[in-house]
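Novice: based on what follows, work out the 3D shape:
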Amino acid sequence: MYGPLDMQLVNPLKRGRIGYKGSGVFSVQQLVPLAQEERFELSGGLQISAILVDKRDSVFVEVEAGAKNPIKIYRTEKQDGKELTWKPFGVSLADFGFNPEHPFVFHAYQVHSDGWREFLGSGSTTLREIKMGITLPLINKHKRGVGVKSAGGLILRAISGQVDPVPVPLIAPSYTFNVSASSLKPPTETIALLQQQVAKIKGDAVPDACYIKITRPAAGKSDANKLLLHKSEEVDVSSAARDCRWGIFHVDNSLFTATATATSLDMPFVVKVYQANLEKADTLIGKVTTTLRDLLLGQWSGSLFNKYDTKVAYRCSGSVDIHITPNAQPVVLPPHNAFQIILDAPAHITMMAKVMTTERNAILASGGIGATHTLFLDEIGSIFAPITINVSGGYTTIITSIHELMFPRPVFHLTQIVKKKLKYTNLLHGLACKPILIQKPISYILALSCSGLDATDGLGETSDPYMIIKIDGNVIFTTEVVPQTLSPTFQPLSLVAAALDQPLTLECWDFDPASPHDLIGMVASTTLRNMLLLLQQQQQSPVGGGGSSSMAAAAAVGSLDLINQQKKTMLTAYRNSGHLHFNITPLY
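Specialist: Residues are numbered from 1 along each chain as shown. Coordinates of the predicted model:
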């Protein structure tokens, strides 16, 4: 037994003042050692009350556990008033190693009617102090200074009895999202645009149709390297409440890929709200960053901020509310081995687009407005693999993915370079992109014929042509000789589907039994796929009402020029040495 003990209380803010002798005495009458260590216990749960300096509306508190990398564990419901008491919640000491000194941080917020989530203040404490009962002053470090008072305080106390435990966020195979927004305000530049179209407009203009995009960081920091988790339909904004509801959608957990430093629950992602424009690029209204863990605590709402908004006294561009529910099953696409897309554009644009893989730089599809293309999954590699769309007419390249094209009405703004200046002109829509299950060709029948060949016989009137077909520089087939003709037709040959993207060379020779054979002309640097795409372009419509560019059937005949490089070099007016006609039929 020890005691008594007197300790002087000193205020560091008053120390140094003339005549200051302390702020009192703290006396300990008796200290009694225990025979064994007392186990720290906290039965029941924790109750939070607040005494605010001013009456506040829609106040809530968030609780974080931990010091260096705190984890958010609880969020209260919203309440109005000056003296508030929230529903008690359970605290499991086992989750914190029964450590009485485990730190907790409490943050208080107010949600204003315009969607602005104002930070009131925060305070930190430990489990031991909570058990004894404590009042935390709400300190806002951004407002600290002379004459700045605390926003109030939080009263924390342990209670006994049956209390609902804190819901523990768990990683689920997928999640159901329900997203809505309120108090939406168009950014300043959007108002200026509307003022050009409407004679009078007020500063509290309401956006017309809005949609949301949810993205998460991937490799790099540019928008092109951000993975799109979801893109909603365009929904009209109500003029009264300026709110918007996008309904329910599902997101697979695999899209929230964990990293070495964070689980999928803590992977940050960004929710962006856009205003859809008819001619110019869609306008960002605002964005907010959150995590799955934050959303799974319930009662989540965030303020939309737009750093490009230049309005005076700007606070926010509205708020977004998200409610998510874990699902027991992942999001699974229907059985598929290919994806069917339609590239479309305004009717007055003459457009020719090429869909290419970014890694292999191989053309997968090519066609004009409204052409239907089927891209096989094994050719793309992954639905997330980047593909490029090259549009003729001086437009910039579009980088996208099948994953992005499958969302509702993917829209790309075609940027055209006019006199070294960028000019937004038209829209490119990826329509009806859907997974399909179709049979893939195992080989192709290639039928060849020629017309208008150069005559290379001694009298210069005819030739004895035959064809040599090479793949990757190796001869794989030599046709029969068709004697004394300038318009031969050869027997068809078969090419395996594996040769679809391998370099293909087609050479036309003149047979001469007494001297070396003469090269009439050749088609170099092509592939079987390119010939299929050329067939599709020359037909000007999808085969069979929506077939694959890799499966174009032989309803029409494609044509290529036969070039003799030696003659081309020597003759100024040289055009070609004839035409090669081809027909390709897939076999399954």
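Novice: for the residue nearest the centre of the chain, give me its contacts.
Specialist: Geometric centre of the chain, nearest residue: Leu228, 1.3 Å, by Cα atoms, centre = their mean. Contacts for Leu228 were tallied using Cβ atoms under 8 Å, 6 or more residues apart in numbering; they are Lys213, Ile214, Thr215, Ser401, His403, Glu404, Phe407. Bear in mind the C-beta positions are built from the backbone N, C-alpha and C, glycine included.
Novice: distance of it relative to Phe412?
Specialist: 13 Å (Cβ to Cβ, to the nearest Å).
Novice: for Ile468, see how far away Asp518 is.
Specialist: According to Cβ to Cβ, Asp518 stands 13 Å off from Ile468.
Novice: give the residues shared as contacts by those two.
Specialist: Both Asp518 and Ile468 are contacted by Trp509, under the criterion Cβ under 8 Å, 6+ apart.
Novice: tell me which residues in stretch 308-322 are buried?
Specialist: Within stretch 308-322, the residues that count as buried by 16 or more other Cβ atoms under 10 Å are Asp309, Cys316, Ser317, Gly318, Ser319, Val320, Asp321, Ile322.
Novice: pLDDT score for the second one?
Specialist: Okay, so that is Cys316. pLDDT, Cys316: 89.
Novice: pull the contacting residues for it.
Specialist: Asp114, Gly115, Trp116, Arg117, Gly286, Ser303, Leu304, Phe305.
Novice: how about the third one, what does it touch?
Specialist: Each residue near Trp116 by Cβ under 8 Å, 6+ apart is listed here: Ser303, Arg315, Cys316, Ser319.
Novice: next one: the second one
Specialist: If you count contacts by Cβ under 8 Å, 6+ apart, Gly115 has them with Ser182, Ser183, Ser303, Leu304, Cys316, Ser317, Gly318, Ser319.
Novice: ok, and what's touching stretch 557-565?
Specialist: For stretch 557-565, using Cβ under 8 Å, 6+ apart, the contacting residues are 450, 453-454, 506, 508, 519-524, 526, 531, 534-535, 538, 574-584.
Novice: so how far is Gly153 from Leu84?
Specialist: 11 Å.
Novice: state the number of residues packed around Ser150.
Specialist: Counted with other Cβ atoms under 10 Å, residues neighbouring Ser150 total 17.
Novice: give me the buried subset of the contacts of Cys316.
Specialist: Using 16+ other Cβ under 10 Å as the burial test, the contacts of Cys316 include Gly115, Trp116, Arg117, Gly286, Ser303, Leu304, Phe305 as buried.
Novice: can you show me the strands along the stretch 101-250 of the chain?
Specialist: Counting by DSSP state E, counting those that start in this stretch, the segments of the stretch 101-250 of the chain that form strands are 103-111, 117-126, 134-137, 152-159, 174-182, 209-217, 226-231, 235-236, 244-252.
Novice: just to revisit the earlier point, just flag the most distant two among the buried ones among the contacts of Cys316.
Specialist: The distance between the two most remote of the buried ones among the contacts of Cys316 (Cβ to Cβ) is 12.2 Å, for Arg117 and Gly286.
Novice: what residues are shared contacts of those two?
Specialist: Joint contacts of Arg117 and Gly286 (Cβ under 8 Å, 6+ apart) are Ser303, Cys316.
Novice: so where's the stretch 201-350 of the chain uncertain?
Specialist: 201-207, 218-225, 239-241, 258-262, 278-281, 309-312, 343-350 (pLDDT under 70).
Novice: redo that, cut-off 50
Specialist: Along the stretch 201-350 of the chain, segments meeting pLDDT under 50 span 201-204, 220, 222-224.
Novice: related to what we said a few turns ago, could you tell me which residues touch both of Leu84 and Gly153?
Specialist: Both Leu84 and Gly153 are in contact with Ala50, where contact means Cβ under 8 Å, 6+ apart.
Novice: as CSV, the buried residues of stretch 308-322 with distance to Leu486 would be great.
Specialist: Below are these laid out as CSV (distance: Cβ to Cβ, whole Å):
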residue, distance to Leu486
Asp309, 71
Cys316, 76
Ser317, 72
Gly318, 73
Ser319, 76
Val320, 71
Asp321, 75
Ile322, 72
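Novice: of those residues, closest to Leu170?
Specialist: Ile322 (17.7 Å).
Novice: kindly list the longest strand within this structure.
Specialist: strand 45-65 (DSSP state E).
Novice: so what are the sheet partners of it and their directions?
Specialist: strand 71-75 (antiparallel), strand 79-85 (antiparallel), strand 89-90 (antiparallel), strand 103-111 (antiparallel), strand 152-159 (antiparallel) (DSSP bridges).
Novice: keeping just the C-alphas, turn that strand into PDB.
Specialist: C-alpha atoms of strand 45-65 as PDB (Å, rounded to 0.1, in the frame of the first residue of the first chain):
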ATOM      1  CA  GLY A  45     -21.100  -1.700 -26.100                       C
ATOM      2  CA  LEU A  46     -20.400   2.000 -26.700                       C
ATOM      3  CA  GLN A  47     -22.800   4.900 -26.800                       C
ATOM      4  CA  ILE A  48     -22.000   8.300 -28.500                       C
ATOM      5  CA  SER A  49     -23.700  11.500 -27.600                       C
ATOM      6  CA  ALA A  50     -22.900  15.000 -28.800                       C
ATOM      7  CA  ILE A  51     -23.200  18.500 -27.400                       C
ATOM      8  CA  LEU A  52     -22.800  21.000 -30.300                       C
ATOM      9  CA  VAL A  53     -22.100  24.700 -30.000                       C
ATOM     10  CA  ASP A  54     -24.700  25.400 -32.600                       C
ATOM     11  CA  LYS A  55     -27.800  23.600 -33.700                       C
ATOM     12  CA  ARG A  56     -26.900  21.300 -36.600                       C
ATOM     13  CA  ASP A  57     -28.800  19.300 -39.200                       C
ATOM     14  CA  SER A  58     -28.000  15.800 -40.400                       C
ATOM     15  CA  VAL A  59     -25.000  15.200 -38.100                       C
ATOM     16  CA  PHE A  60     -23.300  11.800 -38.100                       C
ATOM     17  CA  VAL A  61     -20.100  10.300 -36.600                       C
ATOM     18  CA  GLU A  62     -17.600   7.900 -38.100                       C
ATOM     19  CA  VAL A  63     -15.400   5.700 -35.900                       C
ATOM     20  CA  GLU A  64     -11.900   4.600 -36.900                       C
ATOM     21  CA  ALA A  65      -9.600   2.100 -35.000                       C
END
